[in-house]
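1. Attaching a predicted model along with its sequence, questions to come.
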Amino acid sequence: MTDGSMSSKPGPGGLADTLGMSADEMRRLGYRVVDMVVEHLAQRGNEPAIQTGDFTELMGELGGPVPENPGNADAALDLLVKVALANQQHGDHPRFMARVPGPSSFAAILGDWLGTGYNTIASSWIGASGPTTVELVVIDWLRQLLGLPSGTEGILMSGGAMASFTALSLARTTYGNGAAYISDQTHYTVKRNLLQLGFAEEHIRVLPTDDAFRMPIPALAAAVTKDRASGLRPVVAVASAGTVNTGAVDDLEAISRTCKQHDMWFHIDGAYGAPAAISSKGRQRMAGLDKADSLSLDPHKWLFQPYEVGVTLVTRPGSLEKAYAMSAEYLTDVEAKDKVNFRSRSLELTRRSRALKMWLSLRVYGAARMRQAIEQGMALAEKAEALLRQYPDVWEIVSPAQLGIVCFAARGAGDKEHAARAAELAKSGYAAVGTTLLRGRTVFRMCMINPLTKEEDIRGTLARLAG
Ligand SMILES: Cc1ncc(COP(=O)(O)O)c(C=O)c1O
């Protein structure tokens with residue numbers, strides 16, 4: 001059948017779809033979806049960078065009574081694409097520079113589709129020996145690319161928030177409860193994780209950053225010493241390898257020394273910036289990355305993967321299993337005691353394989369291509385800073401280009417004006433530039449990690465932002 005309605009005829013191979021679609025129809029619709037996605041990707045620069053719909057109109061088109069009977073599949077696909085998927089941020093658009101873009105690559109998309117098509121459950125060795133091996137390979141490839149010690153273990157999670165939750169829970173299981181040290185630029189999800197792990201709000205030390213938005217080392221040492229003297233156990237310090245606001249990298253070596261001296265867990269939140277360490281320029285900025293007890297990073301940000309994939313890497317072998325090993329009567333058949341069962345490395349039991357896309361994209365493009373694309377992002381942010389500096393009476397640099405991010409302000413414009421200009425630009429569809437709050441001031445923030453973004457995109461965006 002090719003009219004988009006359902007058929008219960010199996011395909012020539014016998015079995016087809018669980019709920020009765022024929023193999024021919026599966027193929028036809030599948031090819032349509034591929035065409036729709038490739039068409040969308042090819043048209044990216046021509047579509048709005050972000051589009052937010054009207055709730056009532058969206059409900060009118062997408063809601064309605066529960067569909068009781070089969071419907072036309074082509075019409076349903078069209079509706080999803082034209083209405084639902086059109087009204088979202090397109091993080092892979094060349095002029096999407098707000099928050100953190102999501103410049104995912106096609107080989108990675110294909111890897112994700114395969115895992116969904118095969119309905120992989122990457123929880124146990126016996127139930128997923130192939131995908132488990134792929135995940136172990138990906139973890140070791142990342143370890144090598146980032147220069148972490150051999151023996152580093154890990155797991156792929158949904159994103160940076162869950163990756164750091166998993167890592168920080170190890171600090172808690174290793175040292176118990178006590179004090180945690182973060183900075184005023186640490187990503188909010190870290191504090192939320194610490195609170196959910198049972199750290200008392202009054203024992204989470206939020207240290208004000210220095211002029212370069214980095215954790216102040218003397219203040220950290222003083223806070224740890226003071227807590228210890230008062231009988232409170234210093235448990236964990238969290239450094240940022242690329243803060244989301246400015247791309248600042250904390251002094252990882254110095255924080256590591258403080259943690260060693262006081263027998264504390266050292267976590268690095270590299271969700272945004274750590275992928276840059278696969279390039280030599282990025283690595284130079286991150287001396288000490290290899291000293292972490294745990295590191296979280298987000299391939300769905302700067303390693304060109306579609307959502308969702310974050311990574312927890314742990315340099316203390318056995319800690320993940322020590323905290324998360326689980327079994328159940330009905331699961332012993334798929335347990336292999338001498339192998340990795342990923343259900344025993346985090347809170348997730350049922351979990352998709354997030355490694356397939358990472359593996360496929362590294363195989364298809366190679367690490368060198370990713371490295372080059374990352375360096376291009378860093379260079380583009382430097383170019384943007386240089387363009388801003390050409391007009392000192394129009395723009396003020398608030399934080400220089402770091403790891404693909406530059407923050408700046410329009411001279412003479414206040415908080416509301418910045419927010420209004422960013423909103424207007426987004427509404428125009430041309431580009432999306434974010435605002436953020438730095439030292440109590442609303443400023444523009446551009447994050448340029450999409451290798452499709454060109455200098456002319458930056459020029460066009462700045463011209464429109466200038467008002
Ligand atoms: C530095 C940092 N940490 C953590 C997170 C949270 O990551 P996710 O949104 O993937 O959960 C982000 C997200 O932007 C981030 O930039």
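-> Thanks, I have it.
2. wait, isn't residue 431 in contact with residue 463?
-> No. Applying Cβ atoms under 8 Å, one finds residue 431 not in contact with residue 463, separated by 10.4 Å. Quick note: C-beta positions are derived from backbone N, CA and C, even for glycine.
3. Look at these two and report which has more neighbours.
-> For residue 431 versus residue 463, neighbours defined as other Cβ atoms under 10 Å are more numerous around residue 431 (26 against 9).
4. wait, what's in contact with that one?
-> Counting by Cβ atoms under 8 Å, 6 or more residues apart in numbering, residue 431 touches 49, 95, 96, 97, 425, 457, 460, 461, 464.
5. Most widely separated two among those residues?
-> The two members of those with the most space between them (Cβ to Cβ) are 96 and 464, at 14.4 Å.
6. and these two? which has more neighbours close in?
-> Relative neighbour count places residue 96 above the other of residue 96 and residue 464, with 28 against 16, counting by other Cβ under 10 Å.
7. Kindly state the pLDDT recorded for the closest residue in space to the more buried one that isn't next to it in sequence?
-> Residue nearest to residue 96 in three dimensions, not counting chain neighbours: residue 49, with 4.4 Å by Cβ to Cβ, 6 or more residues apart in numbering. Looking at residue 49, its pLDDT is 96.
8. correct me, but residue 49 touches residue 430?
-> Yes. The pair formed by residue 49 and residue 430 meets the contact definition of Cβ under 8 Å, at 7.0 Å.
9. Show me which of those two is the more surrounded one.
-> When residue 49 and residue 430 are compared for neighbours, residue 49 comes out ahead with 26 against 16, by other Cβ under 10 Å.
10. how close does residue 246 sit to residue 313?
-> As for residue 246, its distance to residue 313 is 24 Å (criterion: Cβ to Cβ, to the nearest Å).
11. same check, this time on residue 441
-> In this view, residue 441 and residue 313 are 35 Å apart by Cβ to Cβ.
12. With neighbour numbers in mind, choose between those two.
-> Higher neighbour count among residue 441 and residue 313: residue 313, with 25 against 14, using other Cβ under 10 Å.
13. So for the more buried one, what pLDDT did the model give?
-> Checking the pLDDT column for residue 313, the value is 99.
14. and stretch 174-183 with the ligand, contact?
-> No. Judged by Cβ under 6 Å from any ligand atom, stretch 174-183 stays clear of the ligand, getting no closer than 11.2 Å.
15. for stretch 245-265, same thing?
-> No. Contact of stretch 245-265 with the ligand is not found when judged by Cβ under 6 Å from any ligand atom; the minimum separation is 8.8 Å.
16. Just the CA atoms of that stretch, as CSV, please.
-> Below are the C-alpha coordinates for stretch 245-265, written out as CSV (Å, rounded to 0.1, in the frame of the first residue of the first chain):
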residue,chain,number,x,y,z
ASN,A,245,28.6,31.6,30.7
THR,A,246,32.1,32.6,29.4
GLY,A,247,34.0,29.4,28.6
ALA,A,248,36.4,30.1,31.5
VAL,A,249,38.5,27.1,32.6
ASP,A,250,39.4,26.9,36.3
ASP,A,251,42.9,26.2,37.4
LEU,A,252,42.5,22.4,37.4
GLU,A,253,46.1,21.7,38.6
ALA,A,254,45.7,23.9,41.6
ILE,A,255,42.3,22.5,42.5
SER,A,256,43.5,19.0,42.1
ARG,A,257,46.4,19.8,44.6
THR,A,258,43.9,21.1,47.2
CYS,A,259,41.8,18.0,46.8
LYS,A,260,44.8,15.7,47.2
GLN,A,261,46.0,17.5,50.2
HIS,A,262,42.7,17.2,51.9
ASP,A,263,41.7,13.8,50.6
MET,A,264,38.7,15.1,48.7
TRP,A,265,37.0,14.0,45.5
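17. for that stretch, which positions count as buried?
-> 245-252, 254-259, 262, 264-265 (16 or more other Cβ atoms under 10 Å).
18. The closest residue to residue 178 other than its chain neighbours: neighbour count?
-> Distance criterion Cβ to Cβ, 6+ apart; nearest residue to residue 178, sequence neighbours excluded, is residue 233 at 3.2 Å. When neighbours are counted by other Cβ under 10 Å, residue 233 registers 15.
19. Unless I'm misreading it, residue 233 sits right up against residue 171, doesn't it?
-> No. Using Cβ under 8 Å as the test, residue 233 is too far from residue 171 to be in contact (11.0 Å).
20. Next to the ligand, which bits of the chain? Give me the list.
-> Taking Cβ under 6 Å from any ligand atom as the contact definition, the chain meets the ligand at 100, 159, 160, 161, 187, 189, 244, 269, 271, 272, 298, 310.
21. mind redoing it with 5 Å?
-> Residues of the chain found near the ligand, taking Cβ under 5 Å from any ligand atom as the criterion, are 100, 159, 160, 161, 187, 189, 244, 269, 271, 272, 298.
22. Now do the first one against residue 408, distance only.
-> Here the criterion is Cβ to Cβ. By it, residue 100 lies 18 Å from residue 408.
23. list the buried ones in the helix or strand of the chain with the lowest mean pLDDT?
-> For the chain, the helix or strand with the lowest mean confidence is helix 280-284, at a mean of 95 (criterion: mean pLDDT, DSSP states H and E). Judged by neighbour count using 16+ other Cβ under 10 Å, the buried positions of helix 280-284 are residue 282.
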